[in-house]
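Student: Here is the input, now give the coordinates:
(one chain, ligands or ions: 1)
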Amino acid sequence: MANYVPIYVMLPLDIVSSDNVLTDKEGLKNLMMKLKTAGVDGVMSDTWWGLVEGKGPKQYDWSAYRSMAELVKECGLRLQAIMSFHQCGGNVGDAVYIPIPKWVLDIGESDPDIFYTNRAGNRDKEYLSLGVDHQNIFQGRTAVQVYGDFMKSFRDAMADLIEDEVITDIEVGLGPAGELRYPSYPQDQGWVFPGIGEFQCYDKYLKAAFKEAATKAGHPEWDMPDNAGVYNDTPEETGFFGPNGTYLTEEGKFFLTWYSNNLIIHADDILDEANKAFLGCKVKLGAKVAGVHWWYNDSSHAAELTAGYYNLYVRDGYRPIAKMLSRHAASLDFTCIEMRDSEQPAAAKSAPQELVKQVFSGAWREDIDVAGENALPRYDSYAYNQMLLNARPQGVTDKGKPKMYGVTYLRASDDLFKEDNFDLFKIFVTRMHANQEYCSDPGKYGQELKPLARSKPKIPIDELLEASKPYGFFPWDEETDMSVDG
Ligand SMILES: OC[C@H]1O[C@H](O[C@H]2[C@H](O)[C@@H](O)[C@@H](O[C@H]3[C@H](O)[C@@H](O)[C@@H](O[C@H]4[C@H](O)[C@@H](O)[C@@H](O[C@H]5[C@H](O)[C@@H](O)[C@@H](O[C@H]6[C@H](O)[C@@H](O)[C@@H](O[C@H]7[C@H](O)[C@@H](O)[C@@H](O)O[C@@H]7CO)O[C@@H]6CO)O[C@@H]5CO)O[C@@H]4CO)O[C@@H]3CO)O[C@@H]2CO)[C@H](O)[C@@H](O)[C@@H]1O
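Tutor: Residues are numbered from 1 along each chain as shown. Below you'll find the model as predicted:
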């Protein structure tokens, strides 16, 4: 079974209503039973902070999500639960609007700087700015404490389902769309693909933190960029990302290091809370990293930089993240594994295939597990074959390595269940399993769940950054040996 890659399917975003009720239990059960007939291993679902802690601080109501998780068990599936500390709405495919809790938004009324802010002063209410991670302003708690309490409450509410190994994965929400990133490309502020996006660090908390860092570095005169353009610019249109741009100067490098380090520290702190919350539980922690593939082939990697991934030809922006995850034994869940370079518009200088290779290679070098998702809904064999290739980049091997820890398909929908689409999807599932029967015991394919041990000691940021030295990629086959067409 060594080559078996488990496959999960994302549940619809709106299974729980805005008043925190599981609206169509029967319909959801049918959907899951249908997925079960395809042989999938499990499902992934958001658990929205805005719904569960919506009534007030620490007033958790898990009843709807418990019902959902019990259904998962009844259907013989496993559950990957997302700790969704973000808003639903504002990203590609967001069919419903679920804000963060009202009592938190109310705090934002008097202190709008709790939200990520672009240079023009626009606030993004999808997720709290990491600038307030350690600010004691949430009715006596810091943001990190609020996230930690939510996860402990989840563990208490779901203890039996964790014990029964129904809930096996915890995706820790670390930013907008649940991904570890800044909201640099918000559609509701006018961003369209493939705009370079904007830095989002102009709230008062992050501005003060930057001034302090620059002063400590002996440059009190350094400031955040004022020449990085606007959402839909190309790199050349800006002074920051253009040829010989500011990003290559000492001041630019200092800013980019600070901006991207913030994200790593943010994730490290919250994962530490997650580790404490799930200590001793047989679950795997995971963190999502967004597939920002546009402008990857431009020297500036502008879109990755504004998202907080300080990745250049001469600097690996992802492996330090993987190294940080290694201390929590967490998986890196990367989110554009279906895409091929040839499908992208030339003007976007996009390279999803190389990006996937880079991110996966870095993670495997740091000895952590890699999981993945498709970024956009796809039902065609090209997308499935690309996902299969990335799941086992060297095909079926004696040792079953390298291979992904799991793949989560985005997403269950009426389109997926159309006869032709679903028939192909079933073949895809079988191929993910390397043409083997569905297996209910992850131990048989080397993924036995062990009780979560305490995170290893903190790795100083300078040590994490040693991993930014670029290395080559792992060897990758040209095409999968498990094509859905075969
Ligand atoms: O429940 C869990 C979470 O779920 C949601 O978050 C997930 C999110 O939904 C995912 O997209 C993913 O997030 C990332 C992703 O990793 C990043 O790569 C990035 O996505 C960008 C994408 O990579 C870019 O290519 C670009 O996409 C644009 C695309 O390139 C354009 O061509 C166009 O696509 C249109 C297409 O032109 C149009 O024909 C049609 O196509 C569909 C077709 O109609 C249909 O028949 C079928 O064949 O499928 C076709 C493909 O969908 O519609 C397309 C879509 O409108 O526009 C695209 C959008 O501009 O930009 C993308 C960014 O906008 O960024 C994503 C967000 O960070 O993973 C997330 C995490 O799981 C929820 O948002 C979360 O709240 C939940 O927690």
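
Student: which residue ranges form the strands in the protein?
Tutor: Assigned by DSSP state E, the strands in the chain fall at 7-10, 42-48, 78-84, 115-117, 123-128, 167-172, 284-289, 331-334, 370-373, 406-409.

Student: What is the third one packed up against?
Tutor: It stands for strand 78-84. strand 42-48, helix 63-74, helix 143-157, strand 167-172 (3 or more Cβ pairs under 8 Å, 6 or more residues apart in numbering; DSSP states H and E). Just so you know, the C-beta spots here come from the backbone N, C-alpha and C atoms, and that holds for glycine as well.

Student: Just put the strands of the chain in TSV and tack on mean pLDDT.
Tutor: Compiled in TSV, these are given as follows (pLDDT from 0 to 100):
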stretch	mean pLDDT
strand 7-10	98
strand 42-48	98
strand 78-84	98
strand 115-117	98
strand 123-128	98
strand 167-172	98
strand 284-289	98
strand 331-334	98
strand 370-373	98
strand 406-409	98
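
Student: wait, which of those strands is closest to Ala208?
Tutor: strand 115-117 (12.8 Å; Cβ to Cβ).

Student: any idea of the pLDDT on Met432?
Tutor: With respect to pLDDT, Met432 scores 98.

Student: With Ala391 instead?
Tutor: Looking at Ala391, its pLDDT reads 98.

Student: Burial check on Met44, number of neighbours?
Tutor: 24 (other Cβ atoms under 10 Å).

Student: Tell me which residues touch the closest residue to it other than its chain neighbours, please.
Tutor: Excluding the flanking residues, the one nearest Met44 by Cβ to Cβ, 6 or more residues apart in numbering is Gln80, at 4.1 Å. Each residue near Gln80 by Cβ atoms under 8 Å, 6 or more residues apart in numbering is listed here: Tyr8, Gly42, Val43, Met44, Ser45, Thr168, Asp169, Ile170, Glu171, Gly286, Gly406, Thr408.

Student: what does Tyr438 give?
Tutor: The contact partners of Tyr438, taken as Cβ under 8 Å, 6+ apart, are Gly39, Asp41.

Student: For the protein, give me the ranges with low pLDDT.
Tutor: Counting by pLDDT under 70, the chain contains no low-confidence segment.

Student: Val292 contacts Glu304, doesn't it?
Tutor: Yes. Counting by Cβ atoms under 8 Å, Glu304 is a contact partner of Val292 at 4.8 Å.

Student: buried residues in the lengthiest helix in the chain?
Tutor: Secondary structure assigned by DSSP state H gives helix 250-277 as the longest helix of the chain. For helix 250-277, burial by neighbour count (16 or more other Cβ atoms under 10 Å) applies to 251-252, 254-275, 277.

Student: Is any residue of that helix near the ligand?
Tutor: No. Helix 250-277 stays clear of the ligand (Cβ under 6 Å from any ligand atom), getting no nearer than 13.9 Å.

Student: the inter-axis angle of that helix versus strand 78-84?
Tutor: Angle, helix 250-277 to strand 78-84, by axes from the mean of the first three to the mean of the last three Cα atoms, to 10 degrees: 130 degrees.

Student: Show me how far helix 250-277 is from its chain's centre.
Tutor: Distance of helix 250-277 from the chain centroid (Cα atoms, centre = their mean, to the nearest Å) equals 15 Å.

Student: Which strands or helices does that helix pack on?
Tutor: Helix 250-277 packs on helix 143-157, strand 167-172, helix 204-216, strand 284-289, helix 319-326, helix 461-465, going by 3+ Cβ pairs under 8 Å, 6+ apart.

Student: Can you lay out those as JSON lines showing mean neighbour count and distance to the ligand?
Tutor: Formatted as JSON lines, the helices and strands packed on helix 250-277 follow (neighbours: other Cβ atoms under 10 Å; distance: least, Cβ to the nearest ligand atom, whole Å):
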{"stretch": "helix 143-157", "mean neighbour count": "20", "distance to the ligand": "15"}
{"stretch": "strand 167-172", "mean neighbour count": "26", "distance to the ligand": "8"}
{"stretch": "helix 204-216", "mean neighbour count": "16", "distance to the ligand": "20"}
{"stretch": "strand 284-289", "mean neighbour count": "26", "distance to the ligand": "5"}
{"stretch": "helix 319-326", "mean neighbour count": "25", "distance to the ligand": "14"}
{"stretch": "helix 461-465", "mean neighbour count": "15", "distance to the ligand": "23"}
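
Student: on that earlier part again, the helices and strands packed on strand 78-84: which one's closest to Phe240?
Tutor: For Phe240, the closest of those is helix 143-157, at 28.9 Å, according to Cβ to Cβ.
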